[in-house]
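Asker: Just the structure for this:
(one chain, ligands or ions: 1)
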Amino acid sequence: MFNIVLFGPPGAGKGTQAAKLVETYNLVHLSTGDILRAEMKKNSPLGQEVKSLIEKGELVPDKIVIELIRENLNNNKTAAGFIFDGFPRTVEQAKSLDEMLQKESLNIALMTTLEVEEEELIARILLRGQSSGRADDSDQAIIKNRIKVYNEQTAPVAEYYRQQGKHVSIGNMGTIENTFSQLKTHIDKVK
Ligand code: ADP
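Answerer: Numbering: from 1, shown residues only. As a prediction, this is how the structure comes out:
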């Protein structure tokens, strides 16, 4: 299996690039945001807890997210590999992911951060909110909180992978195609 982590702040374009990578490399896309929104729709007790956190722009507890990822990994044993999108978002999650993969003699080959300036992030998320219908994409205060949470709790995850020699940084202020071609170059080097 070939596994990569797509990293970067909210609105950096991870979902867009993940969709293109799925087509090119035949990988399974695991977005914790999508998985959590599916849980929200079930309106279960877990779904309600998740909804209240997402709508404030806060992180969902590690324990919940890690369990959901574990289930998804177990349900995709025959996959060619995974693109992790929006996960890991804390160092604790990154360590758990490494443990889960190591048990199956697997690993993360590469972690790529998509870098976008803050003002552009806010503009992109507000634009997405017009069609996504996501409450957390339609309110400037919530968006700013998500960026703050990213800077405080999530950004250290890049250092975790840098120490393993697996981290690359890619500017994503240009076109979708340009970023995709840079991503492919990095992936093809380690694949
Ligand atoms: P974005 O990348 O635009 O923030 P996501 O769909 O990845 O959108 O995430 C939406 C929300 O879901 C986050 O703000 C957070 O509340 C929750 N979430 C997603 N992934 C995680 C995670 N790995 N750990 C904790 N919370 C998460």
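Asker: which residues sit against stretch 20-27?
Answerer: Contacts to stretch 20-27, defined as CB atoms under 8 Å, 6 or more residues apart in numbering, come from residues 2, 4, 6, 28-29, 79-83, 176, 180, 183-184, 187, 191. To be clear about C-beta, it is placed using only N, CA and C from the backbone, and glycine gets the same treatment.
Asker: all helices of this protein, in order?
Answerer: Remark: helices assigned in the chain by DSSP state H are 14-25, 32-42, 45-54, 62-74, 91-103, 118-132, 140-149, 156-162, 176-190.
Asker: For the ligand, find the nearest of those helices.
Answerer: Within these, the stretch nearest the ligand is helix 32-42; the backing value is 1.8 Å (CB to the nearest ligand atom).
Asker: buried residues in the closest one?
Answerer: Using 16 or more other CB atoms under 10 Å as the test for burial, helix 32-42 gives 32, 33, 35, 36, 37, 39, 40.
Asker: And the pLDDT at the first one?
Answerer: Note on residue 32: pLDDT of 98.
Asker: interface residues of the protein facing the ligand?
Answerer: Residues of the chain found near the ligand (CB under 6 Å from any ligand atom) are 10-11, 32-33, 36, 53-54, 57-60, 65, 86-87, 89, 93, 136, 146.
Asker: residues in contact with the closest residue to residue 87 other than its chain neighbours?
Answerer: Nearest residue to residue 87, sequence neighbours excluded (CB to CB, 6 or more residues apart in numbering): residue 32, at 4.2 Å. By CB under 8 Å, 6+ apart, the residues touching residue 32 are 60, 65, 68, 69, 85, 86, 87, 89.
Asker: Could I get those in JSON lines, plus columns for neighbour count and pLDDT?
Answerer: Putting the contacts of residue 32 into JSON lines (neighbours: other CB atoms under 10 Å; pLDDT from 0 to 100) gives the following:
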{"residue": "60", "neighbour count": "20", "pLDDT": "98"}
{"residue": "65", "neighbour count": "23", "pLDDT": "98"}
{"residue": "68", "neighbour count": "20", "pLDDT": "97"}
{"residue": "69", "neighbour count": "21", "pLDDT": "98"}
{"residue": "85", "neighbour count": "22", "pLDDT": "98"}
{"residue": "86", "neighbour count": "22", "pLDDT": "98"}
{"residue": "87", "neighbour count": "26", "pLDDT": "98"}
{"residue": "89", "neighbour count": "21", "pLDDT": "98"}
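Asker: for the most centrally placed residue in the chain, what are its contacts?
Answerer: For the chain, the residue nearest the mean C-alpha position is residue 86 (1.7 Å; CA atoms, centre = their mean). Counting by CB under 8 Å, 6+ apart, residue 86 makes contact with 14, 31, 32, 33.
Asker: right, and the pair among the residues you listed with maximum separation?
Answerer: Largest separation among the contacts of residue 86 by CB to CB: 14 and 32, giving 10.9 Å.
Asker: most residues in a single strand of the protein, which one?
Answerer: Secondary structure of the chain read by DSSP state E shows that its longest strand is strand 108-115.
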